[in-house]
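Trainee: fold the following and give me the result.
(chains A and B)
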Amino acid sequence: MFDPQKFIDDQVEKTRSEVKGKAIIAASGGVDSTVCAAIVSRPLGDQLIAVYVDTGFMRKGETKAVDEMLRRLGVNHIVVDASDEYFAALKGVTDPERKRKIIGEKFIRVFEREAAKSGAEYLVQGTIAPDWIESGGGLRDTIKSHHNVGGLPSDMNLKLVEPLRDLYKDEVRKVARALGIEVAERQPFPGPALAIRIMGEPTRESVDIVREACAIVEEEIEKAAAAGKMDIPWQYFAVLLPVKSVGVQGDVRAYGYTIAVRAVESVDAMSATYMRIPHDVLESISTRITNRMKASVNRVVYDITDKPPATIEWE
Amino acid sequence: MRILVVDNGGQWTHREWRVLRDLGVETSIVPNSTPLESINADGLVLSGGSPRVGLDEEAMGMCGEYIDKLDVPILGICAGHQYMALRLGGKAVPSATPEFGKTLVSVVDEDDLFKGLPETFVAWESHNDEVTELPPGFKLLANSETCPVQAMKHESRPLYGLQFHPEVEHTDNGYEIFQAFLDVCEVCKKG
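Mentor: I've put the predicted structure just below:
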């Protein structure tokens, strides 16, 4: 069986012998990269700088919360606002693979810039097994290009260090608990963030819509779980669909977008079932989204597809 | 005991490695281009993969050689299972009804792999092709409503095929099925 303490010791040793000099770590505030930061900072200490990139696609309050969490973790870190660059690069882009590749390359360009400032030669990433499996290569089909694997540009000049490559999320969480990481139980959130929860072009306007919807889904589900109505799902969020439909709001015709709510149960993200959310919880999500966001959304649907055949995120 | 996972490009190849590791055996993933003489193992798992075995046999690499010439137990999963059937004279074709995700598998003959398991259990699937005719010398171990051969076994050689994926978390009894295969490997090793 997987032994988290042995894993930590092995990776600390491996980092000590392989990483000679300064390194930066791509830090999103999620469990994978935070575990990675905690492990490699043991041998590297001040030689490590954690870089959090605000892509403009982050959830409500996320950048501030991650900034504070990284401060409490006690690792050197910086927050880079690169949102203008990301929106410019994604102008007119709707294809999910192109989105992922553009975002992956942008991340690397930001990291290269920050690495050059500090003289770092290494880039530490919290890549885990599903990232490289689903990115494909050789005989393996590409399901989606994860930004940190399939989205890497071929000309990047940083040496990659990926201590978690063979782990799945449930094993990463075991390591996180052994390290006392505060985000050990945080739900997964993809690197391309809200950009791949918009079925269409990610603009500041469309991101605002999905950000608000995601916040409502999270709040309502967490409230229901706290009240003992349901368990916290593995992952739960909103997706903005490009489909418009007719509605009626205060005796006035409406014609607005559709939000799909997704909540799944999984252990390792390699297979998943849709969550059996109580209907009254779904109803409060729906009512809150359509009342609060009446200018843009007038219909809410619930995704009842397992993985396979679907994936957890829509893109 | 040492079990190799032959990688045919499956999404769940690495899961097979993980389950074997969790069960405490020495294991590693090898490409399906590994020459026969370099295979040093007490048992082999032929993974699933994106190759459509009826259409691009070449993508299955050296799997045919392993099936023909090795005498250690071999467990073919999904594409590995379909290819085993094809190689030994059975039939594997595009599924009339492909299965993705949850399926109810019915055990016809518990034999070694399903010993002590319920007669029906939930298994996770992901296949476009399937075995429709058993190769000579094989017997049926399990089926489902939309797939006639969910599991098969050679009558005298330790060759097993599973259409569903015991390595996936959502499959019931997956670890037990792998353990049963390891027990077969253990017995064969002792000779």
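Trainee: now for B:Val30: which residues touch it?
Mentor: Counting by CB atoms under 8 Å, 6 or more residues apart in numbering or on different chains, B:Val30 touches B:Leu4, B:Val5, B:Val6, B:Asp7, B:Ile39. From N, CA and C alone the C-beta is placed, and that goes for glycine too.
Trainee: so of those, which ones are in strands?
Mentor: Within the contacts of B:Val30, residues falling in strands by DSSP state E are B:Leu4, B:Val5, B:Val6, B:Asp7.
Trainee: how far away is A:Arg253 from B:Asn8?
Mentor: 55 Å (CB to CB, to the nearest Å).
Trainee: wait, I meant B:Leu140
Mentor: Taking CB to CB, one finds B:Leu140 at 23 Å from B:Asn8.
Trainee: looking at A:Arg253 and B:Asn8, which is more packed in?
Mentor: Under the neighbour definition other CB atoms under 10 Å in any protein chain shown, A:Arg253 and B:Asn8 were set side by side, and B:Asn8 has more, 27 against 9.
Trainee: tally of neighbours for the closest residue to the more buried one other than its chain neighbours?
Mentor: Spatial nearest neighbour of B:Asn8, excluding adjacent residues (CB to CB, 6 or more residues apart in numbering or on different chains): B:Gly49 at 3.3 Å. Residues lying near B:Gly49 (other CB under 10 Å) number 28.
Trainee: any idea which element B:Gly49 lies in?
Mentor: Taking DSSP states H and E as the definition, B:Gly49 sits outside all helices and strands.
Trainee: what sits against it?
Mentor: So B:Gly49 contacts A:Leu139, A:Arg140, B:Asp7, B:Asn8, B:Gly9, B:Gly10, B:Thr13, B:Ala59, B:Met60, B:Cys78, B:Ala79, B:Gly80 (CB under 8 Å, 6+ apart).
Trainee: and the last one, backbone torsions?
Mentor: Put plainly, it is B:Gly80. Main-chain torsions, B:Gly80, degrees, to the nearest 10: phi -60, psi -40.
Trainee: burial of it, as a residue count?
Mentor: Neighbours of B:Gly80 using other CB under 10 Å come to 31.
Trainee: surely it touches B:Gly9?
Mentor: No - under the criterion of CB atoms under 8 Å, B:Gly80 makes no contact with B:Gly9, lying 10.9 Å away.
Trainee: residues shared between the contacts of those two?
Mentor: Here B:Gly80 and B:Gly9 share the contacting residues B:Ser47, B:Gly49, scored by CB under 8 Å, 6+ apart.
Trainee: for chain B, give the residue positioned nearest to chain A.
Mentor: In chain B, the residue that lies nearest chain A is B:Gly9 (2.8 Å; CB to the nearest CB).
Trainee: residues contacting the residue nearest to that residue when sequence neighbours are not counted?
Mentor: Distance criterion CB to CB, 6+ apart; nearest residue to B:Gly9, sequence neighbours excluded, is A:Leu139 at 2.8 Å. Going by CB under 8 Å, 6+ apart, A:Leu139 touches B:Asp7, B:Asn8, B:Gly9, B:Asn32, B:Gly49, B:Ser50, B:Pro51, B:Ala59.
Trainee: so among those residues, where is pLDDT lowest?
Mentor: Of all the contacts of A:Leu139, B:Pro51 carries the smallest pLDDT score, 87.
Trainee: give me phi/psi at it?
Mentor: phi -60, psi 140.
Trainee: likewise for A:Gly104?
Mentor: phi -60, psi -50.
Trainee: from chain B, how far out is it?
Mentor: Applying CB to the nearest CB, to the nearest Å, the value for A:Gly104 to chain B is 20 Å.
Trainee: give me the nearest residue to that residue, chain neighbours excluded.
Mentor: A:Gly151 (1.8 Å).
Trainee: for that neighbour, phi and psi?
Mentor: Dihedral angles (degrees, to the nearest 10) for A:Gly151: phi -100, psi 0.
Trainee: let me know the pLDDT of it.
Mentor: pLDDT at A:Gly151 comes out at 90.
Trainee: one more: the one 4 residues further on?
Mentor: Looking at A:Asp155, its pLDDT reads 93.
Trainee: from chain B, how far off is it?
Mentor: In terms of CB to the nearest CB, A:Asp155 sits 27 Å off from chain B.
Trainee: which ones are touching that residue?
Mentor: For A:Asp155, no residue meets the contact criterion (CB under 8 Å, 6+ apart).
Trainee: a helix runs through it, doesn't it?
Mentor: No - going by DSSP: H, G, I helix; E, B strand; the rest coil, the assignment for A:Asp155 is coil, not a helix.
Trainee: could you measure from it over to A:Glu112?
Mentor: Look at A:Asp155 and A:Glu112: by CB to CB, they are 10 Å apart.
Trainee: ok so, going back, just give me the closest of the contacts of A:Leu139 to A:Ile209.
Mentor: Each of the contacts of A:Leu139 was scored against A:Ile209 by CB to CB, and B:Ser50 proved nearest at 35.7 Å.
Trainee: tell me, how many residues neighbour that closest one?
Mentor: By other CB under 10 Å, the residues close to B:Ser50 number 18.
Trainee: then A:Arg186?
Mentor: Residues lying near A:Arg186 (other CB under 10 Å) number 15.
Trainee: before we move on, which element is B:Ala85 in?
Mentor: B:Ala85 is part of helix B:79-87 when elements are defined by DSSP H and E.
Trainee: what about that helix and chain A, touching?
Mentor: No - for helix B:79-87, no contact with chain A is found by CB under 8 Å from any CB of the partner chain; the gap never falls below 9.9 Å.
Trainee: buried set for stretch A:131-142?
Mentor: A:Asp131, A:Trp132, A:Ile133, A:Glu134, A:Ser135, A:Gly136, A:Leu139, A:Arg140 (16 or more other CB atoms under 10 Å in any protein chain shown).
Trainee: need phi/psi at residue 128.
Mentor: By default, I'm working from chain A. phi -120, psi 170.
Trainee: that's the other chain; I wanted chain B
Mentor: When read as degrees, to the nearest 10, the backbone of B:Asn128 gives phi -100, psi -20.
Trainee: quick one: it and A:Glu162, what's the gap?
Mentor: For B:Asn128, the distance to A:Glu162 - CB to CB - is 32 Å.
Trainee: what's the span of stretch B:40-53, first residue to last?
Mentor: Its start and end residues considered, stretch B:40-53 measures 25 Å (CA to CA, to the nearest Å).
Trainee: return the distance of it from the chain's centre.
Mentor: Per CA atoms, centre = their mean, to the nearest Å, the displacement of stretch B:40-53 from the mean C-alpha position of its chain is 7 Å.
Trainee: which stretch of helix or strand covers the residue nearest to B:Met84 when sequence neighbours are not counted?
Mentor: Spatial nearest neighbour of B:Met84, chain neighbours left out: B:Gly76 (4.0 Å); criterion: CB to CB, 6+ apart. Using DSSP H and E, B:Gly76 maps to strand B:74-77.
Trainee: average pLDDT for that strand?
Mentor: Across strand B:74-77, the per-residue pLDDT values average to 98.
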